[in-house]
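Trainee: Pasting a predicted model and its sequence here:
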Amino acid sequence: MAKAIIVSESGLKQKGNGKLSKIITTATSSGTLVVKDGTEEAVVAVGTLTSTGACVPASHATSKLTSSGAMVEATHAVTVFTKTDNFLDGTKASGYITCDETIPTADDTVVLGARTYTFAALGGTAVNSATAVTVPLGNNAAETMKNLYQAFITDPLFDVVHTSAYVITVTYKTIGTAGNVTATEDSSHLAWDDGSTLTGGTDAETITIGSKVYTWKSVLDTAASATAIQVLIGSTLTISLANMKKAINSTGTPGLEYSFGAVIDPVAVCTASNATTFTIRGRVPGTSLNAKATTETCADGAFADTTLGGGTGASNPGVATTAATVTIGTTVYTVVDALSETYGAVAVAYQVLKGEDEAAMLDNLKAAINGTGTAGTEYSTGTVAHEDVIATTNTDTTQVIVSRSIGVTAVTAAINAIATTETMDNTAWADITLGGGTGDSNPAVETNAATITIGTRTYTATKELSETSGADAVVDQILWVTSEAVFLDNLKKTINLSGTEGTDYSTGTTINKDVIATTNANDSQVVQARVIGASGNLIATTDTLANYAWGATTLASGAGENAEIILNTYTPAAGSSIDIDAEFTRGLYVTVGGTSIVSTFIIE
């Protein structure tokens, strides 16, 4: 049940716990009320931080990359293969031997490949080896030719057809010029069609890229275990060239457009094919692939040069990556004419697309450093945000970077020593290290000499909040800006959590549970303990800021048992009321000030 207590003088109004719901003031003459959760007139502990001059707030290291003209980006080696007629598979060598219908003479010979066939009368000694075979003479020329046919078919290298009684046709089983073997005779009654060799054996046309040889075939070896790289000759040159593109890139269907032996080419990616050409591009930028072979054995086809980056005609050499780098710490960014992945090669992390000019390059570099923008477009897939710096202010000719963090002496030294180098023409960092101190390279200032400690909380004065540049917020940073007076204003806002988070102080900062910041001047800030009484004298107050000092290493002047303010220095008007709805546990103690006051306290 609620009760009313008339208050006109200081004192303990209720002992123990309760709830003050409302204060109604009936009369007053400049009277004031201070309401506490306590049992006596305790005194609050206070402390004053005083500024006698400029401090040195902590700051982040910064540096600037400046472009003063054109740079030369790294490029991929490129060449073009051109052909006018479709590709040719190899052919088998063949020939035929003819008899004039007269029986050859004993000891006459026929040579086919590595074997010599010698005619012998019936009953003679028979010879049959890898290099010599006896052929019995028959009763007539037709029977003798049949015997020669039977001798020929014992050689596994040939397909033999007894075309007619006096003609035998021989075909080398394997396609290629190796089949154009010796085919002679010394009998006046026998004659080979050519007189010296089998003829017509040709090798399949080939294309070589690096160490890989692609062989053109009318019919593929479709075995999954095939190791030879074969490309199917299509019905048109356009289709054939499209099959070559698929074979190089290992796209399409193995066993249909190319053999199972065709795996992705380690040297080049095929970027285009049409009715007469295909274009290949080195898989990585730079000069390392310029000397890779690009040759062929085609009757009417040729690469622009015998090497990928030979430089003849449509063969463009790759430009070195060594003159196109930007280094920050251990991360090396390479500026390229095109991302390797754009044309189907495997992405190479930390490539940065130059774009149309140096301004576009700096934009893309900023995106790469911060891990913003679009991976695979402005910079390569696999590139991640730099762990040490943020890229901030950007113009057509400059890029500023800021350290992500600040810290104590050792941390600051490491930040300032982060390498900032480049190898590009007409481009330069302000210094070779992030905090080197030359020109627009500004060293980080350590936090050791920029702290204010109140109780268990340590606040750091900084020239810029870490989050301002895009880094993660660091709690209990206080922005120093313009002057000590403005900094002290921000300190008050931070302690009381009354300012703008992310502007006056860092995001994630919470209200100080030990003290309240009260009176504030251009050169001082007073704080008082949240709990009234002697216990507040134990709250630490220290600092490391130059030209700043607390009156003591702890709050002072606190006295009496602990109490907490419910309502601090309330000056009501006569006839006014205020809803409080505040619970108390120790008791309800009221301090009356001013000339006079009469109020009614409603307690539940």
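Mentor: Good, I have the coordinates.
Trainee: domain assignment for the protein?
Mentor: 3-42+562-603, 48-58+447-550, 65-75+320-429, 78-87+204-303, 94-192 (automatic domain parsing).
Trainee: Rebuild the ones you listed as JSON lines, extending it with mean neighbour count.
Mentor: Where you see a C-beta, it was placed from the backbone N, CA and C, and this is true even at glycine. Listed next are the domains of the chain as JSON lines, based on neighbours: other CB atoms under 10 Å:
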{"stretch": "domain 3-42+562-603", "mean neighbour count": "16"}
{"stretch": "domain 48-58+447-550", "mean neighbour count": "19"}
{"stretch": "domain 65-75+320-429", "mean neighbour count": "19"}
{"stretch": "domain 78-87+204-303", "mean neighbour count": "19"}
{"stretch": "domain 94-192", "mean neighbour count": "16"}
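Trainee: Please produce TSV containing the ones you listed, extended by mean pLDDT.
Mentor: Below are the domains of the chain laid out as TSV (pLDDT from 0 to 100):
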stretch	mean pLDDT
domain 3-42+562-603	94
domain 48-58+447-550	96
domain 65-75+320-429	97
domain 78-87+204-303	96
domain 94-192	94
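Trainee: Of those domains, which is nearest Gly439?
Mentor: domain 65-75+320-429 (9.1 Å; CB to CB).
Trainee: can you give me the strands in the stretch 451-600 of the chain?
Mentor: Listed in chain order, the strands of the stretch 451-600 of the chain (DSSP state E, counting those that start in this stretch) span residues 451-454, 457-462, 477-479, 515-521, 524-529, 531-532, 541-543, 548-550, 563-570, 577-584, 587-593, 596-603.
Trainee: among those strands, which is nearest Asp221?
Mentor: So among the strands of the stretch 451-600 of the chain, strand 477-479 is nearest, using CB to CB, at 69.5 Å.
Trainee: Give me the contacts around the closest one.
Mentor: 452, 459-466, 487, 490-491, 494, 503-506, 509 (CB atoms under 8 Å, 6 or more residues apart in numbering).
Trainee: re the thing from before, now distance to Thr397 too, for the strands of the stretch 451-600 of the chain, in a markdown table please.
Mentor: As requested, the strands of the stretch 451-600 of the chain are exported to a markdown table (distance: least, CB to CB, whole Å):
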| stretch | distance to Thr397 |
| --- | --- |
| strand 451-454 | 38 |
| strand 457-462 | 29 |
| strand 477-479 | 30 |
| strand 515-521 | 44 |
| strand 524-529 | 44 |
| strand 531-532 | 58 |
| strand 541-543 | 42 |
| strand 548-550 | 41 |
| strand 563-570 | 57 |
| strand 577-584 | 61 |
| strand 587-593 | 66 |
| strand 596-603 | 70 |
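Trainee: looking at the ones you listed, which is closest to Asp337?
Mentor: strand 457-462 (41.2 Å).
Trainee: between the closest one and strand 515-521, what angle do the directions make?
Mentor: 40 degrees (axes from the mean of the first three to the mean of the last three CA atoms, to 10 degrees).
Trainee: Assign the spatially most central residue of the chain to helix, strand or coil.
Mentor: Nearest residue to the geometric centre of the chain (CA atoms, centre = their mean): Thr383, 1.4 Å. Judged by DSSP: H, G, I helix; E, B strand; the rest coil, the three-state class of Thr383 is coil.
Trainee: List phi and psi for it.
Mentor: Dihedral pair for Thr383: phi -80, psi 130, per degrees, to the nearest 10.
Trainee: What separation do you get for it and Ala375?
Mentor: Separation of Thr383 from Ala375 (CB to CB, to the nearest Å) stands at 6 Å.
Trainee: about what we covered before: residues touching the residue nearest to the centre of the chain, list them.
Mentor: 349-351, 368, 371, 375.
Trainee: same thing with Tyr117?
Mentor: Counted by CB under 8 Å, 6+ apart, Tyr117 has contacts 109-111, 133-135, 148, 151-152.
Trainee: Gly436 and Ala419 touch, don't they?
Mentor: No: the criterion here is CB atoms under 8 Å, and Gly436 misses it with Ala419 at 9.9 Å.
Trainee: what's the closest non-adjacent residue to Lys493?
Mentor: Gly499 (2.9 Å; CB to CB, 6 or more residues apart in numbering).
Trainee: likewise Val80?
Mentor: Ala314 (4.0 Å).
Trainee: quick one: which of the contacts of Tyr117 sit in strands?
Mentor: Taking DSSP state E, the ones among the contacts of Tyr117 that sit in strands are 109-111, 133-135.
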